[in-house]
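*Asks:* Need a 3D model of the following:
(2 chains)
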Protein chains: 2
Amino acid sequence: MQSPRRGAALPLALKEGFAYTEHYFQQTLDHFNVGNITLFPQRYLLHNASWSGGASGAPIFVYCGNEGDIVWFAENTGFMFDIAPLFGALLVFPEHRFYGKSQPFGGQNGPKELAFCSAEQALADFATLILDLKRNLSAQASPVVVFGGSYGGMLAAWFRLKYPHIAIGALASSAPILQFENIVPYTTYYDIVSNAFKREGEECFEIIRNSWTAITEAAEQQNGLRNLSQDFHMCSDFKNADELINWLESAYSYLAMANYPYAANFTMPLPAYPVRKVCQAMVNSPVASSILQRIYAGVNVYYNFTGAAKCFDLDDDPHGLSGWNWQSCTEMVMPMSSNSSTSMYPPFEWDGEAWSRFCWEKYGAIPRPSWVTTEFGGHDIKSALRNFGSNIVFSNGLLDPWSGGRQAMNDSFRLRSSLIDFDGAHHLDFRWSRKDDPQWLIEQRELEVREIKRWLSEYHSLHRQNVFVI
Amino acid sequence: MQSPRRGAALPLALKEGFAYTEHYFQQTLDHFNVGNITLFPQRYLLHNASWSGGASGAPIFVYCGNEGDIVWFAENTGFMFDIAPLFGALLVFPEHRFYGKSQPFGGQNGPKELAFCSAEQALADFATLILDLKRNLSAQASPVVVFGGSYGGMLAAWFRLKYPHIAIGALASSAPILQFENIVPYTTYYDIVSNAFKREGEECFEIIRNSWTAITEAAEQQNGLRNLSQDFHMCSDFKNADELINWLESAYSYLAMANYPYAANFTMPLPAYPVRKVCQAMVNSPVASSILQRIYAGVNVYYNFTGAAKCFDLDDDPHGLSGWNWQSCTEMVMPMSSNSSTSMYPPFEWDGEAWSRFCWEKYGAIPRPSWVTTEFGGHDIKSALRNFGSNIVFSNGLLDPWSGGRQAMNDSFRLRSSLIDFDGAHHLDFRWSRKDDPQWLIEQRELEVREIKRWLSEYHSLHRQNVFVI
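*Replies:* As a prediction, this is how the structure comes out:
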């Protein structure tokens, strides 16, 4: 076990004027196995520059850490820092167990250790930490609002559903809570990625769609893999064509997610509207360019926008996202397929059995594809959540490939929660505000702030009432 | 692991005309440890004589099995059998893991095995079993209502709160969900037991209150324990006075719970209004009777109403309730104390540290007294559950010592759930109907039936709407 590092609390700055401190909490390793008394140090960040204090009843805003280093998520969730002064709010960023520095087993994670890495344990971590913090800060009267983007958004929404006694509301940005079993069509995700490219011109879409055969054919030539590795400036040779194909697929997918209207650094430093830039690089290559040269020209914008990379590595994981493989081999099974008529990706079917074999070989794990819907729901969400699920804002960028589940939710939350679409990419609304933010993004964020204000005022008015009535 | 016994399905009768079949389901041992792929056979009972079938959308009523053999609970929940024909309902009685025949480790339970025995795992068992049954019976359109009494009532209420996508409503009878931490005064439970005796006359109350000193003094005499053992007709000698004291305390407590208006067999075969009978036996003993003779005369009504017992054993546990010790040493920590001015019990303070020491010595377990309120809530329940917790009926017999938490709930559920009091004992409303049922009990049950009808009609109207709107 990693040793606790208490009392560090060095103020660190995310951005000028936005300091946070780093702390560790002795967290229960297994909340649901009541005989397990092991603890581990869970990291969390605090930003208290704006906080009006527990006695004032000022709120606590908690970001539900997801599958990576929590500092990275804090950096990419400037929205919370931007609005903290409006509410006098305390910001808390608990890290998700098994990511970043929250390593119950010091980062030595085999299947036996990763067994403790699940959404349910992470939610219980948040609950336990929040209540402990409230006690320690004498902030029992402070209402809690949870935030989260992507998987963190799923956690935020589920937290409000499972722990309504702790969080009075949730902002879930780009949270694909319906991407399970057969709730949304398997093709949805790749269709949305593809549409983001098609929006920039049919030609771009077609170059990518036709590239897969070109790659396979090139790989089959003599010295094909070596030549491909050189053409794509890899630091070491591809072992097979699939390595290149996966590397490209991943780039397109992240490009669609990070298709922000300004230069940003989410997974990579990228220009404004990066999908457009990638397509332009592909389409505007010299006329004589081969299809593979066009692909390289495009993907180079994604993997090497700064021009700093001399060559590329396949296994780069600067944000420590690899734990997600385990999660998707256990409970986070999101079935997907690619349809040749609507997607630019190589066509493939969802093969649950092949996935199970892969997970069994890799981890000795058996995926539980229906567990998430058993534990959190999803099917028939319109009626199931009719009397529940209040005070949740589901915001979705329509350009975001993870927005596919939103349609199935439409209507359902109309009464008690909100579903807000905007014309942007993966949790764009959660990023720092900027002078060049488009008007619709400013309005989207205002709307979210209004919702939070409404929840807080309901909470306080109920509490004031209690003072007189009882 | 116990071997699965599938296909048994022998029809067994609880009572004339009320047959059920016994089944086993391959249940996940650890729902929250996603790397654990062990299964165990969970027993459940089915009563389908009234069921209109899945295609009709007829409901499924599920009893949330609690800390004992599920057949015993089914026998004591005749209400469900009585109302099944009104709804064309299927009845399902899943057994709680580690009780009855649902023994993941064949009944060989040390702390390592009992680690899997918790309310969260039990709730997830119910969720998993219900969804599997619905699939297998093609009953996806059948709404589910959960029922439970006592700890089972807590499970039913928590199931509705945590799994609203699976159960449309819950009937929680005598469910002390607020008996945790300091939500209700520690003295509440024993005060209510004491009041049940005081209601039958101050003299009865005083005999019991004065008996503890008499016992301690008698035990301190030469051969005191042997004499006491003979006076109380024990099969073997008491090792100390506390054994006798605990044995009596337990009898009074169960008597208050089982203080039904007619002869019944809940924990023991008992006469109608057994508290009254016990008090009469104590008070009406020959004038010359010593206080201990009076106590014996009373407790004999409880432990030996049928007259069949030649002598008494301290460790009788015919319903297999011993697993509760583990649960109360881990998450089910219900702090209690006894106040000398309001209680007939020997005065004592709640000593959390002593409890921890006991649990550590017995099981190597560290109690988690704030875990239940973290996971399920409880504090400030009025505002926390304002927008949640719909469609739950909390019914409480005011004679029932477990009804102490109800006051703290009052008002809170007024909008979205109901709190119904009646003048009876521990989940009296869930028992078989009888010709001699008092009018208020008939009305209580009618009220519960009306609530279920309302939930079902809301559910069906929403589903019909969906057919046209979408």
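*Asks:* burial count for residue A:120?
*Replies:* The number of residues packed near residue A:120 is 22, by other C-beta atoms under 10 Å in any protein chain shown. To be clear about C-beta, it is placed using only N, CA and C from the backbone, and glycine gets the same treatment.
*Asks:* give the contact list for it.
*Replies:* If you count contacts by C-beta atoms under 8 Å, 6 or more residues apart in numbering or on different chains, residue A:120 has them with A:31-32, A:375, B:31-32.
*Asks:* now swap in residue A:434 and tell me
*Replies:* For residue A:434, the contacting residues are residue A:262, by C-beta under 8 Å, 6+ apart.
*Asks:* And it, how close does it get to chain B?
*Replies:* For residue A:434, the distance to chain B equals 35 Å [C-beta to the nearest C-beta, to the nearest Å].
*Asks:* element containing that residue?
*Replies:* Here residue A:434, judged by DSSP states H and E, is contained in no helix and no strand.
*Asks:* confidence score at it?
*Replies:* Residue A:434 carries a pLDDT value of 89.
*Asks:* now residue A:65
*Replies:* pLDDT recorded at residue A:65 is 97.
*Asks:* pretty sure it is in a strand, no?
*Replies:* No - with DSSP: H, G, I helix; E, B strand; the rest coil as the criterion, residue A:65 is coil rather than part of a strand.
*Asks:* Run a quick neighbour tally on it.
*Replies:* A count of nearby residues for residue A:65, using other C-beta under 10 Å, gives 31.
*Asks:* Spatially, what comes nearest to residue A:150 if we skip its sequence neighbours?
*Replies:* Leaving aside its chain neighbours, residue A:150 sits nearest to residue A:174 (5.3 Å; criterion: C-beta to C-beta, 6 or more residues apart in numbering or on different chains).
*Asks:* what about the one you found, how many neighbours?
*Replies:* When counting by other C-beta under 10 Å, one arrives at 28 neighbours for residue A:174.
*Asks:* Give me the phi and psi angles of it.
*Replies:* phi 50, psi 50 (degrees, to the nearest 10).
*Asks:* Could you do residue A:61 as well?
*Replies:* Torsion angles, degrees, to the nearest 10, at residue A:61: phi -100, psi 120.
*Asks:* Surely it touches residue A:92?
*Replies:* Yes - the pair residue A:61 and residue A:92 qualifies as a contact (C-beta atoms under 8 Å) at a distance of 7.2 Å.
*Asks:* any idea how far the helix ranked longest in chain A is from the chain center?
*Replies:* As assigned by DSSP state H, the longest helix anywhere in chain A is helix A:439-469. In terms of C-alpha atoms, centre = their mean, to the nearest Å, the gap separating the centre of helix A:439-469 from the centre of its chain is 25 Å.
*Asks:* Which strands and helices lie in contact with it?
*Replies:* If you count contacts as 3 or more C-beta pairs under 8 Å, 6 or more residues apart in numbering or on different chains; DSSP states H and E, helix A:439-469 packs onto helix A:78-87, strand A:144-149, strand A:167-173, strand A:392-397, strand A:418-422, helix B:381-384.
*Asks:* Out of these, which gets the lowest mean score?
*Replies:* strand A:418-422 - the lowest mean pLDDT of those, at a mean of 59.
*Asks:* on that earlier part again, can you redo the helices and strands packed on helix A:439-469 as TSV with distance to residue A:260 and mean neighbour count?
*Replies:* Shown next, in TSV, are the helices and strands packed on helix A:439-469 (distance: least, C-beta to C-beta, whole Å; neighbours: other C-beta atoms under 10 Å in any protein chain shown):
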stretch	distance to residue A:260	mean neighbour count
helix A:78-87	12	18
strand A:144-149	13	28
strand A:167-173	13	28
strand A:392-397	9	27
strand A:418-422	12	17
helix B:381-384	37	21
